[in-house]
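A.B. asks: I'll drop the sequence and a predicted model, then ask my questions.
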Amino acid sequence: MTNIAEVDGFLKAAGLPSEEQLDSFRRSKLEISSKKRSRPALPTVNDKFRKHPGKHDVVISPTKEEFLQAMEYLNSSDDRILSGGRIFFNCPHPNQTYRIYLDDLVLINNKAWPDKRNWNQKFSIVAPHANVTFLPTERYAPKCRGLFRANHAADVYIYGLTFMNASVSSDACAREEYGSKWHTMSVEDRKTAVAQYGGAAYQQRKGPRNGLPITFHRTAFLNNHVTSSEARGGGAINTLGTHIEVWDSIFVGNSGAAGGAIAGKQIKLYLFSSNFIGNWSTGGRDSHQLVANGGALRCDGIKLGHLCGCYFRENFIKPVERMKGTAATLYGAQQPEGDILVEHCRFHLNGTTGSRETECILNLVGNMNIIVRDTVFDENRVGSDKPNKAVVVAFVAGGFNINFHGVNFVGNQYQAGYSGKSIRLKRKDSGGHCSVTNCFEDRKPIEGLGFAK
C-alpha cells in the first residue's frame, strides 16, 4: 500500500473512493502479476542496516536538508568515487507522513555526461514505510519545472515515495534551455525542443545503455500536470529511450498533453498491479490538428508492452479536434522486441467525464502482435463519428496477429447518434490473422469478428 494518509486525503477531496476501496482490484491481482515477472525485492529496513549501511548507502532523516546533501554525495564523482548509491529514509514514526518541500529541480546522475565513467550507475531512493512525500514550495511551484529529472544513463529505483502538486510548462522550459537561440530556431526545431519536456514528477531525457529499467515500486503520483503546445508530455512521468517498470503504484488526478499519467518513447513498458484514476489528456498540436491522446497512458515506439493487473477508472480527455485512447494509447516500434499484451486488467467508467466524442477507450497500434485477455471493460463511454470508433481499437501491420480471449464488455455507452462496437480490428496490408475467443458483450458471445475493411 502507498502513502495511505496522503492518497486518501487527495481522493476524498476529489470525491473518489478511498484507496482501500480502489486497491481491492490491485491486491487481487498481485499473485498473478508476480508470476508474470520477478517483483523487485523489498528494500532493507532492519536496525543492523541503519547502523552499518554499505559504502554507497546513505541513511537520512526525512528532511529537505539531509536529502539534498545525500543527493549531492550520490551525484559526486572523482578519481575515488563514481556516482550512484542508495538513499534510505529513516522515519521516526512509520505511520506518520513526512513532507519534503523542494524549491528547485532535483537532478539524478547530473555528471553522467560527458563523464562516461558514470554511465549505468545505480540510484535508489527508498522510503521503507511508504510515508515520504515530495512537493514544490509555493515559491517554486509557479516556475513549472517539475520535481525530479534523471540525466543520461541513470539506472533508477524508487520505492515508497509520493510525488504531489508539481507542474511543468514544456514551452517555457524549452525557451529557457535554448535562450537566445530560440528566436532563430525553425518551427520544427521548436516543436522538437518542446516535445522533450514532460513528467512533472519525474523526467528522464536519456536512458541507461545497459537495458535496465527505471523502477517505481509502491509509489503514488497525485495532482501533477504538464502543459504543452505539442501533443507530447506525460503528466506524472515522461521518459525517452528508457524502459520503465511500475509495481503496486497509484496515479490520481494527473494531466498531460498526451498521456495524463505516463508518456514514453522508444521504451519497454511494464505495468503491474497499479491503479490509474481520474487522469486526463489536455491535447496539443499533432500533424496540423489538435489531438488529445491517452487519458492515462500514451507511449510511442514501444519495443515491448505488458500491462497486468491494472485498474483504469474515470480517466478522460479534454475536448479538442481529435480524441482517442481515453484510458490508454500504445504505439508499437518499427522493430519490436516483443508483443503488446494487456491482461487481467479492468477499464471502468473511463470517458464518463470530459469529452463525449472520443474514438476509443484503449487504442493499440503496432508492427507487432497485440494480445488482450482476461480483461473487463465496463461502464465506459465512447462516441465519435470517426470510422475506427470502438471500446478497443487494435491495428497491426500485415503479417502480425491480434488475439482477444476472455474479454468481457459490460454496460458500455455509445454517444447518442453514433453506432458503436466493443472491438474493432484493423490491419495494414495483408497477412496475419485475428482471433476473438470466449469474449462477451453484455453476456452475449462476440462472434464472427474479423479485420475491418
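C.D. replies: Now that the structure is in, tell me what you want to look at.

A.B. asks: all helices for this structure, in order.
C.D. replies: Listed in chain order, the helices found in the chain under DSSP state H are 4-13, 19-28, 30-36, 47-51, 64-75, 170-178, 187-195.

A.B. asks: for residue 350, find the nearest of the ones you listed.
C.D. replies: Among those, the nearest to residue 350 by C-beta to C-beta is helix 19-28 (14.2 Å). Yep, even glycine has a C-beta here, placed from its N, CA and C like the rest.

A.B. asks: would you mark the buried spots in the closest one?
C.D. replies: Neighbour-count burial for helix 19-28, counted by 16 or more other C-beta atoms under 10 Å, picks out 19, 22, 23, 25, 26.

A.B. asks: and what of stretch 313-332?
C.D. replies: Residues of stretch 313-332 classed as buried: 313-318, 320, 322-332 (neighbour count, 16+ other C-beta under 10 Å).

A.B. asks: among the helices and strands of this protein, which has the poorest mean pLDDT?
C.D. replies: The weakest-scoring helix or strand in the chain, judged by mean pLDDT, DSSP states H and E, is strand 284-286 (a mean of 73).

A.B. asks: and the residue nearest the centre of the chain, how far is that from residue 402?
C.D. replies: Nearest to the mean C-alpha position of the chain, by C-alpha atoms, centre = their mean, lies residue 262 at 2.5 Å. Using C-beta to C-beta, to the nearest Å, we find residue 262 at a distance of 24 Å from residue 402.

A.B. asks: re earlier: from the chain's centroid, how far away is the least confident helix or strand of the chain?
C.D. replies: Relative to its chain's centre, strand 284-286 lies at 20 Å (C-alpha atoms, centre = their mean, to the nearest Å).

A.B. asks: circling back to that earlier point, what about the buried residues of stretch 313-332, which are in strands?
C.D. replies: Mapping these onto strands (DSSP state E) picks out 313, 316, 317, 322, 323, 324, 328, 329, 330, 331, 332.

A.B. asks: closest to residue 256 out of those?
C.D. replies: Taking C-beta to C-beta as the measure, residue 256 sits nearest to residue 317 out of these, at 11.3 Å.

A.B. asks: sketch out the low-pLDDT regions of the stretch 1-150 of the chain for me.
C.D. replies: Within the stretch 1-150 of the chain, the stretches with pLDDT under 70 are 1, 77-83, 112-120.

A.B. asks: ok, now the stretch 301-450 of the chain?
C.D. replies: Counting by pLDDT under 70, the stretch 301-450 of the chain shows low-confidence ranges at 355, 384-388, 416-420.

A.B. asks: need the contact list for residue 437.
C.D. replies: 404, 405, 406 (C-beta atoms under 8 Å, 6 or more residues apart in numbering).

A.B. asks: quick one: which of these sit in strands?
C.D. replies: Within those, residues falling in strands by DSSP E are 404, 405.

A.B. asks: between the contacts of residue 437, which is closest to residue 94?
C.D. replies: For the contacts of residue 437, the minimum distance to residue 94 (C-beta to C-beta) is 40.2 Å, reached by residue 406.

A.B. asks: who are the neighbours in contact with the closest one?
C.D. replies: Residues near residue 406 by C-beta under 8 Å, 6+ apart: 373, 374, 375, 437, 438, 439.

A.B. asks: let's see 10 Å
C.D. replies: Counting by C-beta atoms under 10 Å, 6 or more residues apart in numbering, residue 406 touches 343, 344, 372, 373, 374, 375, 376, 437, 438, 439, 440.

A.B. asks: now swap in residue 62 and tell me
C.D. replies: Counting by C-beta under 10 Å, 6+ apart, residue 62 touches 89-93, 96-100, 127, 129, 131-133.

A.B. asks: same thing with residue 98?
C.D. replies: By C-beta under 10 Å, 6+ apart, residue 98 lies in contact with 3, 61-63, 89, 91-92, 127, 129, 131-133, 162.

A.B. asks: any of those residues buried? List them.
C.D. replies: Applying 16+ other C-beta under 10 Å to these flags 3, 62, 89, 91, 127, 129, 131, 132, 133, 162 as buried.

A.B. asks: nearest to residue 43 among the residues you listed?
C.D. replies: Among the buried ones among the contacts of residue 98, and counting by C-beta to C-beta, the member closest to residue 43 is residue 127, at 8.9 Å.

A.B. asks: my guess is the closest one contacts residue 163, does it?
C.D. replies: No. Applying C-beta atoms under 10 Å as the test, residue 127 and residue 163 come out as separate, 11.8 Å apart.

A.B. asks: overlap of the contact sets of the two?
C.D. replies: 133, 134, 219.

A.B. asks: my read: the second one touches residue 140, true?
C.D. replies: Going back to what we said before, that points to residue 134. No. The criterion here is C-beta under 10 Å, and residue 134 misses it with residue 140 at 11.5 Å.

A.B. asks: give me the more crowded residue out of these two.
C.D. replies: residue 134 (23 against 17; other C-beta atoms under 10 Å).

A.B. asks: quick one: residues contacting the more buried one.
C.D. replies: With C-beta under 10 Å, 6+ apart, residue 134 has these contacts: 64, 67, 99-102, 106, 125, 127, 147-148, 161-166, 201-202.

A.B. asks: just residue 304 next, same as before
C.D. replies: 243, 267-270, 332-333, 336-341, 368.

A.B. asks: output the contacts of residue 406 in a markdown table; the columns should cover distance to residue 15.
C.D. replies: Output for the contacts of residue 406, formatted as a markdown table (distance: C-beta to C-beta, whole Å):
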| residue | distance to residue 15 |
| --- | --- |
| 343 | 30 |
| 344 | 28 |
| 372 | 30 |
| 373 | 33 |
| 374 | 30 |
| 375 | 26 |
| 376 | 23 |
| 437 | 39 |
| 438 | 36 |
| 439 | 33 |
| 440 | 31 |
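
A.B. asks: closest to residue 275 out of these?
C.D. replies: Distances from residue 275 to the contacts of residue 406, taken as C-beta to C-beta, are shortest for residue 344 (13.6 Å).

A.B. asks: quick check on that closest one: phi, psi?
C.D. replies: When quoted as degrees, to the nearest 10, the phi and psi of residue 344 stand at phi 60, psi 40.
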